[in-house]
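S.K.: Mind looking at a prediction? Sequence and model below.
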Amino acid sequence: MLPGVMLKSRSKYVSFYAMKAGFMAPAVEASNFPCRLCGTQAMPYHYSLGNQGQFKYYKCPDCKLVNYDLRGGLDQEQYNTIFVDPTDDNEKFNLDKDQSFDFINRWVPHRGSFLDVGCGMGRLMYLAKRAGWQVKGLEMSAHMAVLVSEKLEIEVAVGDFLQGDAFPGEQFDLVVLRHVIEHMPDSLEAIRQLGRLTRPGGYLLLEMPNIEAWDKRFKRFLVRHGVHQRKFSDNFLPGHCNEFCRESMQRLMEESGFQMLRWETYSMKPISNFIYKRLHVGNKARMLARKRIS
């Protein structure tokens, strides 16, 4: 997205051009389902995916959560990962986990017990263990859990944290969930289950896409005015149930017994990362919260 003044002038020009060319998208009715975070009814249409715009997202005017109409269907299999060596400091697929651990070192004040939910190939656990954390992992793939556990000599349980049976009776000083919450239809229940695993006063680190990133907002602007049209495969289905921004994530934390401490966006490109961490306009975000002590 361009800075506000530039966008304002361009908006008038593009809107005029699109209307003259007959490209303006037809109006879409409000949602006929409530916001999955705050329950607001009849949310306004926000944007669509798919070659016919058949997969519709609606933005809640109250909590700002962007809700996908789940009746369109989901494809979560597209996010399966392959195994790479979590101990390889030169492996490019490890770089985003390295950034996550740098964030932990900056903003979590002490080491303790560490749980990586959806630990994947285990890079973040490897870094935490090397730094002195007491580390455990949770992974839905039994095959991946065995590979990681044997490679790193770390306990990795197999299961779905939403079922509430992972690590019964245990609580951790830091619980991490990276790029998973957007795939959960019921984000409130997901955070409550993570809260069960977080000790009072402990920390929760989430990473997710930022729906209000500059580039995402600008692309939606172009599509809305008929200047750009995305191409999708014939068998495309969305994978994200909900899309978050800072406001909706803060509301989610408040509703789940957490206090949001920090929100920042990031990039794997050094210059962009320097800017995004300060202006919070990147398309990937990190959020650190602390569980309230009742």
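M.R.: Great, that's in hand. Residues are numbered from 1 along each chain as shown.
S.K.: Now do the buried residues in stretch 67-80.
M.R.: N67, Y68, D69, L74 (16 or more other CB atoms under 10 Å). Quick note: C-beta positions are derived from backbone N, CA and C, even for glycine.
S.K.: Then stretch 278-291?
M.R.: Buried-residue list, stretch 278-291, by 16+ other CB under 10 Å: H280, V281, G282, N283, K284, A285, R286, M287, L288, A289, R290, K291.
S.K.: What is the end-to-end distance of it?
M.R.: 25 Å (CA to CA, to the nearest Å).
S.K.: what about the longest strand in the chain?
M.R.: Ranked by number of residues, the top strand in the chain under DSSP state E is strand 198-209.
S.K.: Quick one: mean pLDDT over the next helix or strand after that strand.
M.R.: Proceeding N to C from strand 198-209, the next assigned helix or strand is helix 214-224, under DSSP states H and E. Over the span of helix 214-224, the pLDDT mean works out to 91.
S.K.: Could you export helix 214-224 as CSV, CA atoms only?
M.R.: Backbone C-alpha positions of helix 214-224 (Å, rounded to 0.1, in the frame of the first residue of the first chain) are rendered in CSV as follows:
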residue,chain,number,x,y,z
TRP,A,214,0.5,-2.4,3.1
ASP,A,215,0.8,-4.8,0.2
LYS,A,216,-2.3,-6.7,1.1
ARG,A,217,-4.4,-3.6,1.4
PHE,A,218,-3.1,-2.2,-2.0
LYS,A,219,-3.8,-5.5,-3.8
ARG,A,220,-7.3,-5.6,-2.4
PHE,A,221,-7.7,-2.0,-3.6
LEU,A,222,-6.6,-2.9,-7.1
VAL,A,223,-8.9,-6.0,-7.3
ARG,A,224,-11.8,-4.0,-5.9
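S.K.: continuing past that helix, what's the next helix or strand?
M.R.: Helix 214-224 is succeeded, C-terminally, by strand 242-243 (DSSP H and E).
S.K.: who does that next one touch, helix- and strand-wise?
M.R.: Using 3 or more CB pairs under 8 Å, 6 or more residues apart in numbering; DSSP states H and E, the elements in contact with strand 242-243 are strand 66-68.
S.K.: elements contacting the strand it packs on?
M.R.: Under the contact rule (3+ CB pairs under 8 Å, 6+ apart), strand 66-68 is packed against strand 55-59, strand 242-243.
S.K.: and these, which is most packed in?
M.R.: strand 242-243 (a mean of 24; mean count of other CB atoms under 10 Å).
S.K.: what lines up beside that strand in the sheet?
M.R.: According to DSSP bridges, strand 242-243 forms sheet pairs with strand 66-68 (antiparallel).
S.K.: what's next to the partner strand, contact-wise?
M.R.: With CB atoms under 8 Å, 6 or more residues apart in numbering as the test, strand 66-68 has contacts from 31, 33, 35-37, 43, 46, 55-60, 211, 238, 240-245, 248.
S.K.: According to the record, where do the domains of this structure fall?
M.R.: 4-73+212-242, 81-208+255-291 (automatic domain parsing).
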